[in-house]
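> Got a sequence here, can you build the structure:
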Amino acid sequence: MAKKKKVSRRSSTNSNTSSGAGAMSTAELQAELQRRERNVRKLERRREKLLEDLSTVEQALAEEGALSAAGGIRRRPRNEKNLVDSLADVLKGKEMSVTEVTQAVQQAGYMTTAANFRTIVNQALIRENKRFKKVSRGRYTAR
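All right, here's what the predicted structure looks like:
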């Protein structure tokens, strides 16, 4: 079990004195309180400004459809059609390699964040043998 390190929480104004607040005069204590109150007001104003900015950004994200129902940021892009339907549209009347299909479906507007999207496309083409026909090695067309 790790031991916790004790953290000292001294104010920057009294770090030179050994006895802390006891060595400060009443005027010094009042000045310190006023300084801290000013800092709190300044931080509160900054917080309000940041909350306004955040609200504006969240509203813009919501307009773009990037927020989930819970209000959090959606990490995966939302496409109008699923991948198989998008592949069928791209391959209709054409014969393409997996790489060509991958590029064409993205140029047609399909959004993905996958690092291995070509592999995902290849698996979809193999799995959906009722919708896609393998013409030759690595080349497909829509049925």
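
> Tell me where this structure has strands.
Shown for the chain, the strands assigned by DSSP state E span residues 96-97, 132-136, 139-142.

> what would those look like in a markdown table with distance to Gly109 and mean pLDDT?
All C-beta atoms are positioned from the backbone trio N, CA, C, and that covers glycine. Formatted as a markdown table, the strands of the chain follow (distance: least, Cβ to Cβ, whole Å; pLDDT from 0 to 100):
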| stretch | distance to Gly109 | mean pLDDT |
| --- | --- | --- |
| strand 96-97 | 17 | 94 |
| strand 132-136 | 20 | 91 |
| strand 139-142 | 18 | 92 |
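
> Redo those as CSV? Include distance to Asn116 and mean neighbour count.
Listed next are the strands of the chain as CSV, based on distance: least, Cβ to Cβ, whole Å; neighbours: other Cβ atoms under 10 Å:
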stretch, distance to Asn116, mean neighbour count
strand 96-97, 17, 18
strand 132-136, 19, 13
strand 139-142, 18, 18
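
> Next, format those as a markdown table and append distance to Lys49.
Converted to a markdown table, the strands of the chain look like this (distance: least, Cβ to Cβ, whole Å):
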| stretch | distance to Lys49 |
| --- | --- |
| strand 96-97 | 52 |
| strand 132-136 | 54 |
| strand 139-142 | 54 |
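
> closest to Arg46 out of those?
Counting by Cβ to Cβ, Arg46 lies closest to strand 96-97 out of the strands of the chain; the figure is 54.5 Å.

> What pairs with the closest one, parallel or antiparallel?
When sheet partners are counted by DSSP bridges, strand 96-97 sits next to strand 139-142 (antiparallel).
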